[in-house]
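Novice: Any chance you can model this:
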Amino acid sequence: MQNTLKIQIWSDIMCPFCYIGKRRIEGALQNFEHKDAVEIEWKSFQLDPSFIASPEDNMVEHLAEKYRKDADWAQGMLNDMTQNAKNSGLDFHFEKAVMANSLHAHRLLHLAKKYNLANDLEELLFKAYLTDGKNINDLDTLRALGLEVGLHAESIDEVLHSNAYADEVQQDINEAQSIGVQGVPFFVFDNKYAVSGAQHVETFVKTLEKVWEEGKFDSKVTVLNTPDAESCGIDGCD
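Specialist: Below you'll find the predicted structure:
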């Protein structure tokens with residue numbers, strides 16, 4: 001039996017279901033006997049790498065335009081997602097959300113990964129965007145979040161005022177595409193089994209137990225036949 005069970009998670013800060021998925025995998029780990037042997041690696045994914053935000057952007061209008069629906073439909077979708085988040089102990093405030101390109105945040109996450117702080121920063125970034133209404137493309141905001149998790153100011157500034165880790169972000173995205181990722185969150189367990197979407201806690205627990213029982217291996221990733229679950233793709237969130 002291997003000493004570590006590794007979970008790779010492809011995620012975008014701009015994806016609400018990625019935050020929900022984070023809470024659900026954390027809930028699954030609390031119910032997993034070998035949780036102390038689990039290592040999580042966060043992988044970058046951008047739902048819209050070319051997105052350029054403007055001060056006039058708001059979530060309701062953005063969704064209505066994307067899906068060619070009216071504002072009432074878009075607000076209803078956000079209300080449903082907010083309730084879904086509450087069921088996982090999260091407090092979404094889409095009325096305050098500042099739409100942004102997530103590239104700088106992903107670059108900073110790669111710096112945090114170097115110091116085993118990626119999970120902490122991922123949490124703060126999700127909360128900043130989905131709960132606190134902060135602009136996660138703003139360099140001062142990112143700097144403050146980096147300092148909060150314990151990154152050194154000099155390292156943060158060096159990354160944010162350069163293109164550092166841009167290649168690593170793209171490598172993550174390319175890797176996702178190579179294994180057929182079409183939406184996030186996307187979870188790969190020990191490089192064998194993949195689970196797409198913010199599945200229920202019970203589904204994650206069963207996957208963890210299955211992987212642990214099979215032991216160490218190295219093979220092609222297989223997507224498990226799990227129920228459809230909430231995720232965000234390039235065409236939007238379902």
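
Novice: Which residue ranges of this structure form strands?
Specialist: 5-11, 38-44, 183-184, 186-189, 193-196, 222-223, 232-233, 236-237 (DSSP state E).

Novice: Please work out which of the ones you listed is packed deepest.
Specialist: Among the strands of the chain, the stretch with the highest mean neighbour count (mean count of other CB atoms under 10 Å) is strand 183-184, at a mean of 26. Quick note: C-beta positions are derived from backbone N, CA and C, even for glycine.

Novice: Do me a favour and average the pLDDT over that strand.
Specialist: Over the span of strand 183-184, the pLDDT mean works out to 96.

Novice: So which elements touch it?
Specialist: Applying 3 or more CB pairs under 8 Å, 6 or more residues apart in numbering; DSSP states H and E, one finds that strand 183-184 makes contact with strand 232-233.

Novice: now the strand it packs on: mean pLDDT?
Specialist: On average, strand 232-233 scores 68.

Novice: Can you list the residue ranges for helices in the protein?
Specialist: 16-30, 59-67, 71-86, 103-114, 118-130, 139-149, 153-160, 166-178, 201-214 (DSSP state H).

Novice: Dump the fifth one to PDB, keeping only the CA atoms.
Specialist: Backbone C-alpha positions of helix 118-130 (Å, rounded to 0.1, in the frame of the first residue of the first chain) are rendered in PDB as follows:
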ATOM      1  CA  ALA A 118      -2.000  26.400  -2.200                       C
ATOM      2  CA  ASN A 119      -5.000  25.000  -0.300                       C
ATOM      3  CA  ASP A 120      -5.000  27.900   2.100                       C
ATOM      4  CA  LEU A 121      -4.800  30.400  -0.800                       C
ATOM      5  CA  GLU A 122      -7.400  28.600  -2.800                       C
ATOM      6  CA  GLU A 123      -9.800  29.000   0.100                       C
ATOM      7  CA  LEU A 124      -9.100  32.700   0.500                       C
ATOM      8  CA  LEU A 125      -9.500  33.400  -3.200                       C
ATOM      9  CA  PHE A 126     -12.800  31.600  -3.400                       C
ATOM     10  CA  LYS A 127     -14.100  33.500  -0.400                       C
ATOM     11  CA  ALA A 128     -12.800  36.800  -1.700                       C
ATOM     12  CA  TYR A 129     -14.600  36.400  -5.000                       C
ATOM     13  CA  LEU A 130     -17.800  34.600  -4.000                       C
END
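
Novice: so what's the closest residue to Val38 other than its chain neighbours up against?
Specialist: Residue nearest to Val38 in three dimensions, not counting chain neighbours: Leu5, with 5.0 Å by CB to CB, 6 or more residues apart in numbering. Going by CB atoms under 8 Å, 6 or more residues apart in numbering, Leu5 touches 34, 37-39, 189-190, 208, 211-212.

Novice: Thank you, goodbye.
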